[in-house]
Structures are given as structure tokens and as C-alpha cells.
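In: Sequence and predicted structure are below.
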Amino acid sequence: MKLETVYMGLKLKNPILAASCPMTKDLARVKEMEEAGVAGIVLPSLFEEEISYDQHAMDQFLSYSTHDVGPEATSFFPEPENFKNFEGEEYLESLRKIKSSVRIPVIGSLNGSTAGGWVKYAKLIQEAGADALELNIFYIPTELSITGTEVENRYIEILKSVKAQVSIPVAVKMAPFFSSLPSMAKRFDDAGANGLVLFNRFLEPDFDLDHLEAAMKPSFSTRSDIRLPLHWTAILYGKVKASLGATRGIKSGLDVLKMVMAGADATMISSLFYQEGVSSATRIIKEMTHWMEEHEYSSIEQMRGSMSYNHVTDKSAFVRANYMKMLRSI
């Protein structure tokens with residue numbers, strides 16, 4: 001079976017990537033992933049707040065020294081533009097070690113909500129050896145006065161700022177909440193995104209009634225979560241130039257094949273690796289191969305997009321008619 005695929009120009013031995021998560025910063029675990037057959041990894045995100053925190057702390061200290069100790073005190077510290085962020089440096093060093101230790105592609109990740117100075121780390125991530133960069137924009141508007149257009153423009157501004165820093169491929173990990181998702185996908189495409197990852201998973205807080213405070217508890221994706229990225233991958237396939245990556249609810253080899261048939265170039269897994277271990281990648285590859293042999297497929301490319309909106313006979317499966325049929329069948 002030919003399981004090879006191409007994602008944002010990166011040649012992968014199969015469509016399985018380890019999604020951005022804390023697990024992918026562990027070199028030993030990444031080596032285990034490579035051994036199990038994972039075709040590439042996305043590093044955990046370096047957050048805008050992490051980058052800004054140390055810079056802010058240093059700026060405050062310099063300001064305090066200038067006004068309360070004496071201006072000569074500032075000569076002992078680097079100029080703000082030469083200051084190296086501790087979190088950022090640790091991230092870059094981890095990237096260098098992983099990249100030099102494995103043969104699979106390593107994709108960096110940045111997470112932010114503004115077009116501030118943190119985007120300069122895109123270039124530093126490239127210089128540290130990343131094969132590509134995933135941009136995970138996490139912005140939830142809470143003010144009633146902020147319009148949808150303003151939100152969309154902020155996303156595009158961030159993407160353009162990052163693209164101006166690097167020459168490596170850049171993917172945008174999209175949220176599923178835009179009023180017109182196809183239109184937003186096209187805007188990302190037109191702004192230079194090399195890949196679109198469907199979808200970012202926002203982790204909403206719960207309420208702790210004993211302490212009367214918001215509480216955040218980690219949760220894993222479930223099998224039913226696959227339907228959202230499956231639906232939109234099938235709709236967007238062939239309509240944008242960017243590669244399509246799919247994530248959420250992928251638990252088996254059949255799930256990977258479904259995503260490929262919808263039009264995905266790559267699939268990304270994290271929850272399953274936490275639940276069953278990274279060796280589950282080996283099982284997924286075996287399941288893919290077995291199904292392809294039984295149904296006489298010789299390659300991933302042969303099936304890509306075959307179940308997309310462009311290629312199905314009954315397009316009502318993607319729109320309201322099928323929704324009505326499902327409700328009436330209950």
C-alpha cells in the first residue's frame with residue numbers, strides 16, 4: 001500500500017501527524033511516535049502571553065531601577081530589543097534537539113490573539129529548524145461592540161504578520177465558529193496560508209460551585225467529534241489551494257481514511273495517544289492497510305476527495321435535506 005501523502009509541500013510517509021500537545025515536546029516520546037509510524041509532529045504552542053511575560057517583567061524592573069535606584073543601574077541589563085525571553089529560548093532549544101534527533105517533519109506552533117511583537121518568534125522558530133509553522137489563533141470576543149468583520153480582519157492581520165517573517169509553510173488552525181466558514185477559509189487562502197487545520201478545539205471553563213470560581217478541566221475528544229471536521233473538509237476540498245489538515249475525534253484507521261476521502265492531506269491525533277499510548281499509531285496504520293487491501297485501493301492518492309462535496313452524487317447529504325431526513329427517522 002502506498003500511504004504517502006503531501007501536506008503543505010512536506011512529504012509524509014502516511015497521513016498521521018501528532019497534533020500540537022504537551023506530549024510532543026518530550027524528545028523520548030517523539031522518538032516513540034516516530035518508531036510507531038507517526039509521519040510528523042506539531043510541537044506544543046508557544047503562547048503570546050509566555051513570550052510577553054518575561055519581556056514585561058524585565059521592562060518593569062528596568063523602569064523601577066531607573067526611577068528608584070538610578071539610571072546607571074540599567075547598564076547591567078540588556079537593552080529591551082536584545083532581551084531573550086526565557087520561555088521562548090527553552091522552546092527553541094527543545095525544537096533544535098527534536099529536529100536533530102528524528103527524521104520526520106517537525107512543525108512549530110504559535111498561539112496568540114493580537115498582531116504584536118510576539119510574531120517575531122515565527123522567524124526564530126524557522127531558524128531553529130522547523131519544517132513548517134502552525135498558527136493557532138485563540139481569540140474570543142466578549143464585547144458587544146466588536147463586529148464579525150473586525151474579528152475576521154484580526155485573524156487575517158495576524159496571518160499576514162507571521163507570513164512576512166518566514167519562508168517556511170504556514171498553516172492556520174481554524175475555529176469552526178465563523179458565520180461563513182468557506183468565505184473565511186478563502187480569505188486565509190488568499191492571504192497566503194499554506195494549510196488549513198480543521199479545527200481548533202476551544203476548551204470552555206466549567207463552574208466550581210464549592211469555591212464559586214471558574215474551573216478548567218482537560219477533556220479528550222470523542223468519536224462523535226469527527227463529524228464536524230469531516231463535514232467541512234468535504235465542503236472545502238477543491239475550493240482552496242491550501243492543504244487541508246483534519247483533527248478531532250480520530251480514533252481508528254477508518255477515521256483516517258474517512259478524512260482522506262473527504263479531502264484531507266493529513267490527519268492530526270492527540271487525545272487517542274493520551275488514552276491508548278502512541279503505539280496506537282501502529283494499529284491505525286494496520287487498519288488502514290487492511291481496509292485498502294480488502295477494497296482494492298493501492299494508494300492514499302487514489303481515494304483522496306472521493307467523498308467530498310464535489311464528487312458525491314447526492315449533495316443533499318451535506319445540506320438541509322439530509323438533516324430533515326435524520327430528524328424524521330428518530
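Out: Perfect, thanks for sending it. Keep in mind it's a predicted model, so treat the numbers as computed, not measured.
In: From Gly263, how far off is Tyr309?
Out: 9 Å (CB to CB, to the nearest Å). To be clear about C-beta, it is placed using only N, CA and C from the backbone, and glycine gets the same treatment.
In: Next: Trp291.
Out: Counting by CB to CB, the gap from Trp291 to Gly263 is 18 Å.
In: and these two? which has more neighbours close in?
Out: Between Trp291 and Gly263, Gly263 has the larger neighbour count (other CB atoms under 10 Å), namely 27 against 16.
In: what sits against the spatially closest residue to that one that is not a sequence neighbour?
Out: Counting by CB to CB, 6 or more residues apart in numbering, Gly263 lies nearest to Tyr237, which is 2.6 Å off, once chain neighbours are set aside. Contacts for Tyr237 (CB atoms under 8 Å, 6 or more residues apart in numbering) come out as 244, 262-263, 305, 308-310.
In: Okay, now the unreliable bits of this protein?
Out: Scanning the chain for pLDDT under 70 picks out 53-85, 317-318, 321.
In: Which parts of it are strands?
Out: Along the chain, counting by DSSP state E, strands occupy 5-7, 10-12, 16-18, 40-42, 46-47, 106-112, 132-137, 170-174, 195-198, 206-208, 213-215, 243-247, 266-269.
In: tell me the contacts of Phe202?
Out: For Phe202, the residues meeting the contact criterion (CB under 8 Å, 6+ apart) are 138, 140, 175.
In: In helices, which of the residues you listed fall?
Out: In helices, defined here by DSSP state H, there are no members of the contacts of Phe202.
In: Narrow the residues you listed to just the buried residues.
Out: For the contacts of Phe202, a neighbour count by 16 or more other CB atoms under 10 Å gives the buried set as Ala175.
In: could the strands of the chain be laid out in CSV, adding mean neighbour count?
Out: Listed next are the strands of the chain as CSV, based on neighbours: other CB atoms under 10 Å:
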stretch, mean neighbour count
strand 5-7, 21
strand 10-12, 18
strand 16-18, 26
strand 40-42, 26
strand 46-47, 23
strand 106-112, 25
strand 132-137, 25
strand 170-174, 26
strand 195-198, 26
strand 206-208, 11
strand 213-215, 10
strand 243-247, 28
strand 266-269, 28
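In: list the contacts for Tyr121?
Out: Tyr121 touches 46, 51, 88, 110, counting by CB under 8 Å, 6+ apart.
In: again, but for Tyr274
Out: Applying CB under 8 Å, 6+ apart, we find Tyr274 in contact with 21, 23, 220.
In: Next, count neighbours for the last one.
Out: The local packing of Phe220 (other CB under 10 Å) involves 13 other residues.
In: just the first one next, same as before
Out: Neighbouring residues of Cys21 were enumerated by other CB under 10 Å; the total is 19.
In: from the contacts of Tyr121, which is closest to Leu17?
Out: Leu17 lies nearest to Leu110 out of these, by CB to CB, at 17.0 Å.
In: From what I see, that closest one and Ser161 are in contact.
Out: No - using CB atoms under 8 Å as the test, Leu110 is too far from Ser161 to be in contact (10.6 Å).
In: which residues are common contacts for the two?
Out: Shared contacts of Leu110 and Ser161, counting by CB under 8 Å, 6+ apart, come down to Val119.
In: that older thread, need the residues touching each of Tyr309 and Gly263.
Out: Contacts common to Tyr309 and Gly263, judged by CB under 8 Å, 6+ apart, are 234, 237.
In: Run through the residues that contact the residue nearest to Ala36 when sequence neighbours are not counted.
Out: By the measure of CB to CB, 6+ apart, the closest residue to Ala36 outside its immediate chain neighbours is Ala281, 4.2 Å from it. Ala281 is in contact with 16, 33, 36-38, 269, 273, counting by CB under 8 Å, 6+ apart.
In: Can you give me the neighbour number for the residue lying closest to Lys25 once chain neighbours are set aside?
Out: For Lys25, ignoring the flanking residues on the chain, the nearest one in space by CB to CB, 6+ apart is Pro44 at 5.1 Å. Neighbour count for Pro44, taken as other CB under 10 Å: 20.
In: From Glu157, how far off is Pro44?
Out: Distance, Pro44 to Glu157, by CB to CB: 24 Å.
In: Equivalent analysis for Lys123, please.
Out: Lys123 sits 17 Å away from Glu157, going by CB to CB.
In: This completes my enquiry, with thanks.
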